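Visitor: when you get a sec, could you give me coordinates for this:
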Amino acid sequence: MNKNLFIYLTPVLLGILIFTSNFLNTRLFHFGENNFAVWFVLSVLCFATGWYINKSLGWHRGGKVVFAVIIAVTFISMVLITFFKEYFGTSELLAENLVLYSLRNIMLGAMAFFGMSVAELLRLQRDLLVNQEKLKIFEEGLRDAKKESELEIKDAKIKAQGLVVSAELEAKDILLRKERLIDELKEFIQAEKELIKKYEDIR
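Guide: Numbering: from 1, shown residues only. Modelled structure (predicted):
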């Protein structure tokens, strides 16, 4: 519950950070008032919120949220600056000052997008490394399977050759027995003929 609340409070924090920039001096590089340091801190905080939004909401949904926050805060800022132009010192050249304030809001929003981009890039790089490791393991497994299949094929060939040799030996043995039986049968017939002949001669 707290995590979900923090996920949805992060865009609100981003909006507050962008809105805060409206109250800074327009002379960004006026170092005497530490204005640049404040801008730097705001930029880093917007970068960090963009990073967290990408981690929690994802690239597509988080991008839509950040874009909506930028549009909403810029609109609110324009209304506020228009109504309180004396406070913001924009009574003269109101349109030009509105553009400048809008650009400041957009610049901080762009820092949030930059944070999202860096987080997404690191995530994609990590996924790429994981996929490369998986591919390497798969290729090693494929090589091992190929070697194993080659060994099995060689073993099957050796067994097949053994079966062929044993079948040839068995066939030769059968032929030898057949020839022996034929020879024995011929001898038996010859002996019968001689016996019959002797028997006829005796009669």
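Visitor: residues contacting Thr10?
Guide: Thr10 sits next to 49, 52-53, 56 when contact means CB atoms under 8 Å, 6 or more residues apart in numbering. Yep, even glycine has a C-beta here, placed from its N, CA and C like the rest.
Visitor: please repeat the previous calculation with a cut-off of 6 Å.
Guide: By CB atoms under 6 Å, 6 or more residues apart in numbering, Thr10 lies in contact with 49, 52-53.
Visitor: likewise Ser117?
Guide: Ser117 touches nothing, counting by CB under 6 Å, 6+ apart.
Visitor: do you know how far it is from Ile70?
Guide: 15 Å (CB to CB, to the nearest Å).
Visitor: show me where this structure has helices.
Guide: For the chain, applying DSSP state H gives helices covering 2-20, 35-57, 59-83, 85-88, 94-202.
Visitor: avg pLDDT for the third one?
Guide: Over the span of helix 59-83, the pLDDT mean works out to 89.
Visitor: which strands or helices does that helix pack on?
Guide: With contacts defined as 3 or more CB pairs under 6 Å, 6 or more residues apart in numbering; DSSP states H and E, helix 59-83 has these neighbours: helix 2-20, helix 94-202.
Visitor: okay, the shortest one in PDB with CA atoms only?
Guide: So the one you mean is helix 2-20. Taking Å, rounded to 0.1, in the frame of the first residue of the first chain, the C-alpha atoms of helix 2-20 are listed here in PDB:
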ATOM      1  CA  ASN A   2       2.800   2.400   1.000                       C
ATOM      2  CA  LYS A   3       4.800   1.500  -2.100                       C
ATOM      3  CA  ASN A   4       1.700   2.100  -4.400                       C
ATOM      4  CA  LEU A   5       1.100   5.400  -2.700                       C
ATOM      5  CA  PHE A   6       4.800   6.400  -3.200                       C
ATOM      6  CA  ILE A   7       4.600   5.400  -6.900                       C
ATOM      7  CA  TYR A   8       1.700   7.800  -7.400                       C
ATOM      8  CA  LEU A   9       3.200  10.500  -5.200                       C
ATOM      9  CA  THR A  10       6.300  10.700  -7.300                       C
ATOM     10  CA  PRO A  11       4.600  12.400 -10.300                       C
ATOM     11  CA  VAL A  12       3.100  14.900  -7.800                       C
ATOM     12  CA  LEU A  13       6.700  15.500  -6.400                       C
ATOM     13  CA  LEU A  14       7.900  16.100 -10.000                       C
ATOM     14  CA  GLY A  15       5.100  18.600 -10.500                       C
ATOM     15  CA  ILE A  16       6.000  20.400  -7.300                       C
ATOM     16  CA  LEU A  17       9.700  20.600  -8.300                       C
ATOM     17  CA  ILE A  18       8.800  22.000 -11.800                       C
ATOM     18  CA  PHE A  19       6.300  24.400 -10.200                       C
ATOM     19  CA  THR A  20       9.000  25.600  -7.700                       C
END
